[in-house]
Each structure stands twice: as C-alpha cells, then as structure tokens.
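Undergrad: Just a sequence and a predicted model for now, questions to come.
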Amino acid sequence: MQSGKGLRMISFDAVSKHYPNGTTAVDDLTLELPEGEVTVLVGSSGCGKTTTLRMINRMVDPSAGTVRVAGRDVRESDAAELRRSIGYVIQQSGLFPHRTVLDNVATVPLLLGWGRRKARSRAAELLERVGLDADSGGRYPHQLSGGQQQRVGVARALAADPPVLLMDEPFGAVDPVVRTQLQDELLRLQRDLRKTVVFVTHDIDEAVRLGDRIAVFRTGGRLVQCAPPAQLLTRPADDFVAGFLGAERGLKLLSLTTLGEADVPHEPVTPVRTDEPVSGLRSDGDGASRSAGASGVPGASGAPGPSGAPGPSGEGDWRVAVAADGRPVGWLDAGSLPPDGTAGDAELLPLRPLGDGDSLLAALDESVISPARAVARVDGDGMLSGVTGRAALHERAAAHHAAAATARTAGTGGADGPEDGTGTGTGTGGTGGTGGGDVRTTEAEAAS
C-alpha cells in the first residue's frame, strides 16, 4: 500500500491495562498510528493486541495513560457516540440474524439519525462496493456464506463513512481461498477510501500483505517493534521478532514487490488459440511443430532462450494457449497434439497469468510449477503480453535481496532508522517512523 497522509490519527501515550487478578494485558504502550494507513497488530495469544484495539473505541478503558483519536482523549467522548463514529469488524461478522442484510448495513446511519431512505440507499451502495449483488440486500445472514457475511460486516462498518476502521481478526474464520479474496477486497477498498485501519491478526503473512506498518507484541502486552513490513523483515529488532516472522523472511520480502515495480522483463510470444485447427500448427504436413523460437515460449523445447524458460528436463514444446478473446487458458505441448481437431482438444496444463501488479513471490511460485518454467504475463485487460522465464525472475529476486541487504547494512532502507522504527520492548517503540517514506518503493527502485 502507498503511504497515507502521515498525520497522527490514533495515539497511545504510556498506556497500560491491568486487571484485578493481576494480569497485565498492555504494558506502557506508546504508539502513533498515521492517518490513512493500515497498522497491523500481531503477536501470540495473550499479548494484548485485541485489548489495544478495543481501547480505541472504549470497549476497554486503560488503567493508565491516554488514548487519543484525532487528537482528542477518548475518555472525553461519550462511549456510545465514539463507537458510532468508528467502524468495527469482528471475526464472526456480528450481524443481527433477525434483520435483512440491507438493514444490518444501515444500522449505524439509522442510529445517527439518517432518514430510512438515505440509510438504505447508502447500504445498497456499500453492498455493491464490497462485491455483493443487489439481491443480497433482501436476504438474511444465515442465507449467506461465511465470506459473504464478512463482506456485509465490512460494509456495515463503513456505512457512516468513519475515518477509523477497527478490524479484529475479521478473516480468521473463513477458508484460505475466501480469506485471500477478502484480503484483496480490503486492499481495493483501502486504495479508494484511505481509512485509518487498525487490524489484528495472528497471521504474519496476512500482516505483511495488508499492513503499511506492523506492530509486534510479546506476551505481557509489551510492544517490541513497529515498522513497515520490509523494514521489519530485513531488520527485526531482536530474536523474538525474527522468530515470530519465521524462517522464510526472504520469501516474504519478495511478496512486497510487484513485477512492475521490479521492472521484470518479458519476451513476446505468439500464442496458440484453442479454436485453431491442429493442421495449422504443423508445417509441410510432416507433423513437425512450428519452432518455439518463432511462436512458443522462447527456449521451451531445449536450452534456455532469451526468457530463460526451458521445458522440464529439456522436454516439451510449450506454448501459451489462449481463448478466442486472447486470454491465457493453459500451457499446451505442441509436440503432443491430437491427430486432428483443434488445439483446444489437446491436454492443457494449468496456467496462472500474472500482471504487473502481482508480486515477485507469486511469479517465482508459478515458474516452479509451470511445465514451461515460465510465467505468462498479461496486460491490464487480461490479454497475453508475453512470458518471463524462471532465470529472469531469479535475477530480479537476487537484485531485490541485494538492495535490501545494502539498506540493512547501511541502517536505512527508505524508512526511519532504529530509534523510530524498532521499538525497545518496553512499549516505547514509536510509530516505525512517519517521515521516512515507503520502504517498499525505495527497495523496489533500488532492485530495478
């Protein structure tokens, strides 16, 4: 995500939360969350991340310290009024089972005194914005899938257009496919709306994917580090943070840079249309395929070509098969065509086309499972624009890591230095920096 306005929207000043039984949920937390950005709170169970989030809308009051929203101490606001001004999404959506979807979304606007027609119109608009059809408004929550219910929960949280959105493990109860779809939807909404989002999760991969900044807590409610994802991955504050991030920090780093940002090249190819007669794919009637260098994946039938895309074990003459509209649909081995019919009658192996907005990590993953050891690239309309071989991807990935290593050694990386970015383990780590720019963009530029 791009950086927000950089202004402080939410701040914690020496905040602690102690319970009568002696439990300390949050310990001396000082943290600033910039306006228009997604800050993700992560840590193991019992580390205080949900308590931290719930102190923003006064569902929990601090034992000490001050929480401010837009510069105002939240304790100076009526708790009910404060909550109506802040969007809130929880894991199980929390929808009212006896109300229709449309009325669920219209709940807060109606509480704020909006007329029923205006509130329902806003609800219908938001259902469309979160990817639900108009007919869903007349249904009840039990008639929706888990993913659809979560979309309704997000729509309800946005209904009164709040500047702040709190999300407490909102995607934790859905399957991995739906979870990825919901993450994509949140990223799209955030690009359009630029809300100040505080997001709680146990999943570090989700945090890296969604967050402009990630705050890592340890048990006992102590903040260890708050920094942009790339800085967190390349410069963890201590062994605890490094361990929490896991052994694949290098791969996670690649997920932060897109093919476009890394300027990953691609080679032009002539695809095979699935409605093309098999006879047209052979030359001189002797059954020989058209040369891969002329029409298929460069180098796919033997040694690596310009795109570095040899077939598996040097076997196969792999082409990108496209539908009549030009969209890639699979990999076709031109050496294993049926005796007659069309190219679409041949066995097509799965292909996941990638655009400039997809990550280096996604491209490397696709190149590993691709029979052509290459990735089909598409333009903004989903039309085939060429292929990129595994060797070219490895080259860009290596350059990206080299740039990150240089930044780590220099103690920079496009974000603020250790004093602002790493925290101290006592809750005084600050914001991860609000004036140092976006580490993702800086590293991507260096890598390219």
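TA: Yep, it's here.

Undergrad: who are the neighbours in contact with residue 159?
TA: Shown in contact with residue 159 (C-beta atoms under 8 Å, 6 or more residues apart in numbering): 105, 106, 107, 108, 109, 119, 122, 123, 126. To be clear about C-beta, it is placed using only N, CA and C from the backbone, and glycine gets the same treatment.

Undergrad: Apply 6 Å and report the result again.
TA: 105, 108, 109, 122 (C-beta atoms under 6 Å, 6 or more residues apart in numbering).

Undergrad: how much space between the second one and residue 42?
TA: Residue 108 is 28 Å from residue 42, where distance means C-beta to C-beta, to the nearest Å.

Undergrad: Equivalent analysis for the third one, please.
TA: Look at residue 109 and residue 42: by C-beta to C-beta, they are 32 Å apart.

Undergrad: quick revisit: taking the contacts of residue 159 together, which two end up most distant?
TA: Farthest pair in those (C-beta to C-beta) is 108 and 122. Separation: 9.8 Å.

Undergrad: Which one's more surrounded, those two?
TA: The neighbour count for residue 108 versus residue 122, taken as other C-beta atoms under 10 Å, is higher for residue 108 (24 against 20).

Undergrad: show me where pLDDT drops low in the protein?
TA: 1-7, 93, 282-315, 405, 407-448 (pLDDT under 70).

Undergrad: Find the centremost residue of it, please.
TA: Nearest to the mean C-alpha position of the chain, by C-alpha atoms, centre = their mean, lies residue 209 at 3.5 Å.

Undergrad: if I look at that one, how far off is residue 319?
TA: Taking C-beta to C-beta, one finds residue 209 at 33 Å from residue 319.

Undergrad: Equivalent analysis for residue 31, please.
TA: Distance check for residue 31 against residue 319: by C-beta to C-beta, it reads 53 Å.

Undergrad: Comparing the two, which residue is more hemmed in?
TA: Remark: of residue 31 and residue 319, residue 319 carries more neighbours, 28 against 24, as counted by other C-beta under 10 Å.

Undergrad: Can you show me the helices along the stretch 151-300 of the chain?
TA: Listed in chain order, the helices of the stretch 151-300 of the chain (DSSP state H, counting those that start in this stretch) span 176-193, 204-210, 229-234, 239-245, 249-254, 292-295.

Undergrad: What residues of the fourth one count as buried?
TA: Buried residues in helix 239-245, defined by neighbour count with 16 or more other C-beta atoms under 10 Å: 240, 241, 244, 245.

Undergrad: List just the nearest of those residues to residue 334.
TA: Among the buried residues of helix 239-245, residue 245 lies closest to residue 334 (C-beta to C-beta), at 43.9 Å.

Undergrad: With distance to residue 362 added, can I get the helices of the stretch 151-300 of the chain in JSON lines?
TA: Converted to JSON lines, these look like this (distance: least, C-beta to C-beta, whole Å):
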{"stretch": "helix 176-193", "distance to residue 362": "11"}
{"stretch": "helix 204-210", "distance to residue 362": "11"}
{"stretch": "helix 229-234", "distance to residue 362": "16"}
{"stretch": "helix 239-245", "distance to residue 362": "19"}
{"stretch": "helix 249-254", "distance to residue 362": "9"}
{"stretch": "helix 292-295", "distance to residue 362": "25"}
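
Undergrad: Residue 136 is nearest to which of these?
TA: Closest approach to residue 136 among the helices of the stretch 151-300 of the chain is made by helix 176-193 (14.4 Å; C-beta to C-beta).

Undergrad: Run through who's touching that closest one.
TA: By C-beta under 6 Å, 6+ apart, helix 176-193 touches 131, 147, 150, 171.

Undergrad: is residue 216 in a bridge, and if so with what?
TA: In this entry, residue 216 is beta-bridged to residue 42, residue 225, by DSSP bridges.

Undergrad: and it, what does it touch?
TA: 42, 224, 225, 241.

Undergrad: these two touch, right, the second one and residue 214?
TA: No: counting by C-beta atoms under 6 Å, no contact exists between residue 224 and residue 214, whose distance comes to 10.8 Å.

Undergrad: Who has more neighbours out of those two?
TA: Neighbour totals were compared for residue 224 and residue 214, and residue 214 leads with 27 against 23 (other C-beta under 10 Å).

Undergrad: Double-check the more buried one against residue 230; I have them as touching.
TA: No: Residue 214 lies out of contact with residue 230 (C-beta under 6 Å); the separation is 10.3 Å.

Undergrad: hang on, the earlier thing: redo the contacts of residue 216 as CSV? Include distance to residue 176.
TA: Compiled in CSV, the contacts of residue 216 are given as follows (distance: C-beta to C-beta, whole Å):
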residue, distance to residue 176
42, 18
224, 28
225, 27
241, 25
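
Undergrad: Go through these and say which is closest to residue 386.
TA: Closest approach between the contacts of residue 216 and residue 386, by C-beta to C-beta: residue 42, at 37.9 Å.

Undergrad: do you know how far that closest one is from residue 65?
TA: 21 Å.

Undergrad: The two: which is more packed in?
TA: residue 42 (24 against 17).

Undergrad: Surely that one is in contact with residue 206?
TA: No: the pair residue 42 / residue 206 is not scored as a contact, 8.7 Å apart, by C-beta under 6 Å.

Undergrad: Identify the contacts common to those two.
TA: Counting by C-beta under 6 Å, 6+ apart, nothing touches both residue 42 and residue 206.

Undergrad: From the rest of the structure, what touches stretch 39-49?
TA: Taking C-beta under 6 Å, 6+ apart as the rule, stretch 39-49 contacts 25-26, 33, 52, 198-200, 207, 211, 213-219, 221.
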